[in-house]
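Chemist: Just a sequence and a predicted model for now, questions to come.
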Amino acid sequence: MSTKPYNSRVLQRLSSSKGDQIDNPNTPVDRSSPILPIDSTRTITIGSSVIPIANTRSDSMNSASNGSSWIALNRHRSSVFDSTDTVTAIGSSVALNTERRGSLGFSKDLNNGVAIGASVIPLVNKLQDIFAPFKCLSSKIKLPQVVVIGSQSSGKSSVLEALVGRDFLPRGCDICTRRPLVLQLENRQCESDGDGREWGEFLHLPGKRFYDFSAIRREIQEETEREAGINKDISDKQIRLRIFSPNVLNITLVDLPGITKVPVGDQPSDIEKRIRTMIVSYINHKACIILAVTPANSDLATSDALQMAKKADPSGSRTIGVITKLDIMDRGTDARNFLLGKVVPLRLGYVGVINRSQEDINRNRCVAEALAYEQNFFCDHPVYQSLHNHCGIPQLAKKLNLVLEQHIRALLPELKADIKSQMDAVAAQLNIYGEVMNSKADQGAVLLNILTKYCGALSSLVNGKSQEMSTLELTGGARIHYLFQSVFVKRLEEVDPCDGLTDEDIWTAIQNSVGPKNVLFVPEVPLEVLVRRQIVRLLDPSLKCLHLVFDELIKMSSSCDVVEMQRFPFLKKRLDGIMREFLQDGVQTAEKMIEGYFEVEMDYINTSHPNFIDGSEAVEIAIQQLRPSKDAEKLTASGRSIKSLGVLAKSVSNGSLPDHVCQTPSSNEKPQSAGSSSGRSWGISSIFGAGEGRRPSEFSERETNGKPVNVHEHSSIIQLKELPDSLRPSEAQTEYESVKILVTKLLLRSYYDIVRRHVQDFVPKTIMHFLVSHMKRNLLSTFIQKLYRENLFDEILHEQEDVISGRKRAREIYEALQNSFQEV
Ligand SMILES: Nc1nc2c(ncn2[C@@H]2O[C@H](COP(=O)(O)OP(=O)(O)OP(=O)(O)O)[C@@H](O)[C@H]2O)c(=O)[nH]1
């Protein structure tokens with residue numbers, strides 16, 4: 001076995017065949033070799049962006065001679081890589097190059113020499129740049145990126161390093177990835193002040209360039225510890241690192257913590273769940289390409305990485321399988337079946353790689369050397385020789401770029417739509433923030449605009465013209481209509497005018513109205529008293545209705561959304577105050593109007609109203625109700641009594657009989673005396689209120705030991721009962737009295753009904769006029785009168801700090817989106 005370090009051996013072997021080149025700082029460069037990384041001197045234009053496209057030998061040589069670790073392996077003898085392949089790694093160190101142009105390489109397009117992926121990958125990178133300062137955008141618009149997942153120590157970071165071609169990630173037995181590392185590779189051909197050197201920059205240390213990659217490694221480690229502590233805990237807060245180099249392709253790679261099972265150090269007991277959740281949050285996005293890393297010395301069928309990738313990407317259209325540690329498999333075994341997808345089939349297939357071992361790291365072997373070793377390993381291996389499409393970091397880089405390019409192309413339309421919808425959202429936000437006001441005139445214009453819109457919106461809400469028409473509930477004016485018709489009017493309909501009035505009450509009123517005389521007719525006075533008593537009951541619900549409408553309008557005004565006003569909280573407050581005062585004025589006027597109406601109603605009981613019940617009909621109805629059967633006939637046969645009662649009734653009423661008046665009183669309304677009369681007819685004498693119809697006076701009888709005693713039989717002292725303080729007529733009325741009571745009720749109902757209808761009509765009209773329509777007509781002028789004053793502008797149009805900064809930020813985001821939209 002040779003004692004030479006293996007890198008020297010490899011370099012020697014590689015340079016042994018004619019034309020082979022090893023391009024590193026210590027090796028002479030063949031400047032005739034044609035394939036190189038991206039060239040800054042040639043560009044293509046996509047949209048408005050100019051993108052570097054072709055690789056030229058000379059530039060690569062420059063970068064190599066400038067100390068980059070770029071290395072070109074030009075192998076004619078290679079048995080692993082087909083001599084037709086032209087392969088360029090993503091990073092700087094692995095441009096494998098054969099002489100034959102037009103082959104399937106990923107650094108060059110077959111026919112025109114354009115690097116594959118160069119047309120879209122820079123575009124995505126550009127978008128990443130544009131979105132980078134805006135965290136909100138990167139969470140809403142998912143740009144394509146490559147995420148490396150796998151179990152702990154499976155070799156994820158090693159794969160990334162190999163792809164980048166630089167040694168910069170913290171690695172080692174005790175070191176593991178504990179925070180997501182977002183690695184943006186950026187092709188930067190020449191800087192005005194630069195000398196072509198590569199450097200890294202962290203988002204958390206803006207402007208600080210790290211030219212020393214071991215310093216980058218240290219910073220990653222320290223930054224990890226700052227967030228996740230010095231023990232083994234993890235954090236999902238990203239570390240964002242950008243690598244600027246003339247030798248990288250533009251791409252974003254994400255290194256995630258490895259899947260672990262058993263908590264160690266100060267890891268929480270649910271560490272596995274947390275890591276899996278973090279991984280899923282990355283790979284679930286359709287824009288993400290998954291590099292599922294599994295070490296060859298474990299069972300592929302139980303690979304955590306493949307399992308998770310399968311869940312996130314069931315079709316396998318964005319998962320590439322990576323098998324590491326092929327060099328340390330059990331002797332006598334190989335990964336042939338793994339690589340060919342015979343164990344776990346994968347649509348995009350597998351690539352086997354060999355990274356640096358721990359020993360290599362300890363001995364500071366550079367990535368370039370490791371790549372050379374890998375190349376050598378595969379060339380010499382009896383099984384892998386024939387699987388060159390499935391082996392090596394360069395193959396992985398090639399596959400990755402191809403998949404990424406196709407993926408980006410497929411995602412572009414969706415991406416464009418996403419950007420557009422974000423633009424609309426931000427534009428709406430900007431609309432809320434409005435323009436900056438630089439003068440009193442600007443302020444005045446803004447104020448007028450807001451007041452007009454506010455009043456317009458309120459009117460629309462009341463009129464049902466609001467654009468945001470709900471299908472779930474009544475809003476705006478419809479609520480007022482509901483209040484009028486289904487609450488106020490309906491409630492008045494339900495009120496029984498005789499509610500709370502017993503027959504006894506009515507009879508008492510009737511008797512009181514004739515004083516010491518007998519009740520001959522149905523007198524008007526008790527009717528008026530009773531009518532007034534019932535009418536006044538309508539005042540309360542009328543005023544209540546007015547106040548409910550007031551509440552509704554207040555609610556509407558505060559829900560009335562004028563976006564332009566959102567930035568002026570003081571203005572909103574003032575408007576609310578003025579609005580309340582304005583409506584209260586309207587309420588006062590309407591209240592006066594309604595109360596005035598009731599005063600008018602109470603003042604004069606107009607029994608000549610054309611709709612008031614005809615007296616004779618009232619009597620007839622009363623009679624029929626009292627004697628519905630034969631008795632009625634008997635009663636009606638007494639022409640004089642009917643006529644008389646009819647005449648009497650006419651004397652208090654005049655008009656047709658509405659249907660509802662004819663309703664049969666409910667059982668408790670039936671005059672108690674109905675049917676209790678001793679069969680006495682109530683003819684002429686009853687009309688004139690004398691004799692027959694009257695019960696013997698209470699005072700002509702008194703009880704002795706519970707039995708009635710005829711006082712006339714007592715010849716000694718004739719005693720009279722003393723009147724009690726409170727006196728009511730006797731409970732049992734005669735039939736005639738019952739008729740009078742019933743007629744009074746009918747008249748009461750009839751009159752009440754007339755008034756109720758007026759109220760049902762008048763109250764909504766009044767409220768509409770003095771409140772709702774008044775608001776529509778006069779609110780704007782009131783606002784202007786009270787607010788359009790230059791000395792108030794600064795106060796009411798004062799913007800909060802967050803509005804000012806929010807507007808600035810929204811503008812920047814909008815511009816970023818506009819730029820990216822144009823790019824796409
Ligand atoms: N021999 C050999 N060792 C490897 C290979 N790939 C990785 N290793 C070693 O495996 C160990 C873990 O590698 P890392 O790249 O840190 O693995 P990781 O998956 O990033 O680890 P975590 O971030 O902790 O999950 C290191 O010591 C590497 O040197 C390989 O292909 N061959």
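Modeler: Arrived safely, thanks for sending.

Chemist: Can you show me the helices along the stretch 101-250 of the chain?
Modeler: 121-131, 135-140, 156-164, 213-228 (DSSP state H, counting those that start in this stretch).

Chemist: In JSON lines: the ones you listed, plus mean pLDDT, mean neighbour count and distance to Val525.
Modeler: For every residue, glycine as well, the C-beta is placed using N, CA and C. Output for those, formatted as JSON lines (pLDDT from 0 to 100; neighbours: other Cβ atoms under 10 Å; distance: least, Cβ to Cβ, whole Å):
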{"stretch": "helix 121-131", "mean pLDDT": "73", "mean neighbour count": "23", "distance to Val525": "88"}
{"stretch": "helix 135-140", "mean pLDDT": "72", "mean neighbour count": "14", "distance to Val525": "80"}
{"stretch": "helix 156-164", "mean pLDDT": "86", "mean neighbour count": "27", "distance to Val525": "104"}
{"stretch": "helix 213-228", "mean pLDDT": "87", "mean neighbour count": "17", "distance to Val525": "93"}
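
Chemist: what inclination does the longest helix along the chain have with respect to helix 121-131?
Modeler: Longest helix of the chain, by residue count under DSSP state H: helix 393-433. In terms of direction (axes from the mean of the first three to the mean of the last three Cα atoms, to 10 degrees), helix 393-433 departs from helix 121-131 by 40 degrees.

Chemist: Quick check: what element follows helix 393-433 along the chain?
Modeler: helix 440-463 (DSSP states H and E).

Chemist: And the chain, what are its domain boundaries?
Modeler: 10-97, 121-416 (automatic domain parsing).

Chemist: Now distance to the ligand too, for these, in CSV please.
Modeler: Converted to CSV, these look like this (distance: least, Cβ to the nearest ligand atom, whole Å):
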stretch, distance to the ligand
domain 10-97, 15
domain 121-416, 2
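
Chemist: Which of these has the lowest mean pLDDT?
Modeler: When mean pLDDT is averaged over each of the domains of the chain, domain 10-97 scores lowest at a mean of 33.

Chemist: can the domains of the chain go into a markdown table with extra columns for distance to Phe770?
Modeler: Listed next are those as a markdown table, based on distance: least, Cβ to Cβ, whole Å:
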| stretch | distance to Phe770 |
| --- | --- |
| domain 10-97 | 62 |
| domain 121-416 | 49 |
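
Chemist: Of the ones you listed, which is nearest Lys745?
Modeler: Checking the domains of the chain against Lys745 by Cβ to Cβ gives domain 121-416 as the closest, at 73.8 Å.

Chemist: distance between the closest one and the chain's centre?
Modeler: 36 Å (Cα atoms, centre = their mean, to the nearest Å).

Chemist: show me the contacts for the closest residue to the ligand within the stretch 651-800 of the chain.
Modeler: Taking Cβ to the nearest ligand atom as the measure, the point where the stretch 651-800 of the chain comes nearest the ligand is Gln800, at 45.6 Å. By Cβ atoms under 8 Å, 6 or more residues apart in numbering, the residues touching Gln800 are 567, 569.

Chemist: run the last query once more with 6 Å
Modeler: Neighbour list for Gln800: empty [criterion: Cβ atoms under 6 Å, 6 or more residues apart in numbering].

Chemist: same question, Phe488
Modeler: So Phe488 contacts Cys545 (Cβ under 6 Å, 6+ apart).

Chemist: His481 versus that one, what's the distance?
Modeler: 11 Å (Cβ to Cβ, to the nearest Å).

Chemist: try Lys261
Modeler: Counting by Cβ to Cβ, the gap from Lys261 to His481 is 67 Å.

Chemist: Looking at the two, which has the bigger crowd around it?
Modeler: Remark: of Lys261 and His481, His481 carries more neighbours, 13 against 10, as counted by other Cβ atoms under 10 Å.

Chemist: Can you give the contact residues for the helix or strand Ala810 falls within?
Modeler: Using DSSP H and E, Ala810 falls within helix 801-823. By Cβ under 6 Å, 6+ apart, the surrounding residues in contact with helix 801-823 are 47-49, 126-127, 130, 134, 419, 422-423, 426, 429-430, 433, 567.

Chemist: And the residue nearest the centre of this protein?
Modeler: Ala425 (13.0 Å; Cα atoms, centre = their mean).

Chemist: any idea of the pLDDT on that one?
Modeler: Reported pLDDT for Ala425: 90.

Chemist: returning to what we had before: could you check the domains of the chain and tell me which one is nearest Ala618?
Modeler: domain 121-416 (77.8 Å).

Chemist: returning to what we had before: just the buried residues of the contacts of helix 801-823.
Modeler: Buried members of the contacts of helix 801-823, scored by 16 or more other Cβ atoms under 10 Å, are 49, 126-127, 130, 134, 419, 422-423, 426, 429-430, 433, 567.

Chemist: Let me see the mean pLDDT of stretch 509-517.
Modeler: 76.

Chemist: Show me what counts as buried in it.
Modeler: Going by neighbour count (16+ other Cβ under 10 Å), the buried part of stretch 509-517 is 509-511, 513.

Chemist: again with stretch 367-377
Modeler: 367-377.

Chemist: Among the residues you listed, name the ones in helices.
Modeler: 367-377.

Chemist: How many neighbouring residues does the closest residue to Leu181 other than its chain neighbours have?
Modeler: Nearest residue to Leu181, sequence neighbours excluded (Cβ to Cβ, 6 or more residues apart in numbering): Asp255, at 4.3 Å. Asp255: 25 surrounding residues under other Cβ under 10 Å.

Chemist: Tell me if I'm right that Asp255 and Val182 touch.
Modeler: No. Contact criterion Cβ atoms under 6 Å: Asp255 and Val182 do not qualify, at 8.3 Å.

Chemist: show me the contacts for Met768.
Modeler: Counting by Cβ under 6 Å, 6+ apart, Met768 has no contacts.

Chemist: Need phi/psi at it.
Modeler: phi -60, psi -40 (degrees, to the nearest 10).

Chemist: contacting residues around stretch 577-587?
Modeler: 550, 553, 557, 770-771, 774, 782, 786.

Chemist: hang on, I meant stretch 252-267
Modeler: 145-149, 151-152, 156-157, 160, 177-178, 180-184, 231-234, 269, 271-272, 275, 279, 304.

Chemist: Setting aside sequence neighbours, what's the nearest residue to Cys288?
Modeler: Per Cβ to Cβ, 6+ apart, closest to Cys288 is Val147, 5.2 Å.

Chemist: What residues are bridge-paired with that neighbour?
Modeler: Val254, Ile290 (DSSP bridges).

Chemist: Hmm, Ser151 is touching Asp304, no?
Modeler: Yes. If you go by Cβ under 6 Å, Ser151 and Asp304 touch, sitting 4.8 Å apart.
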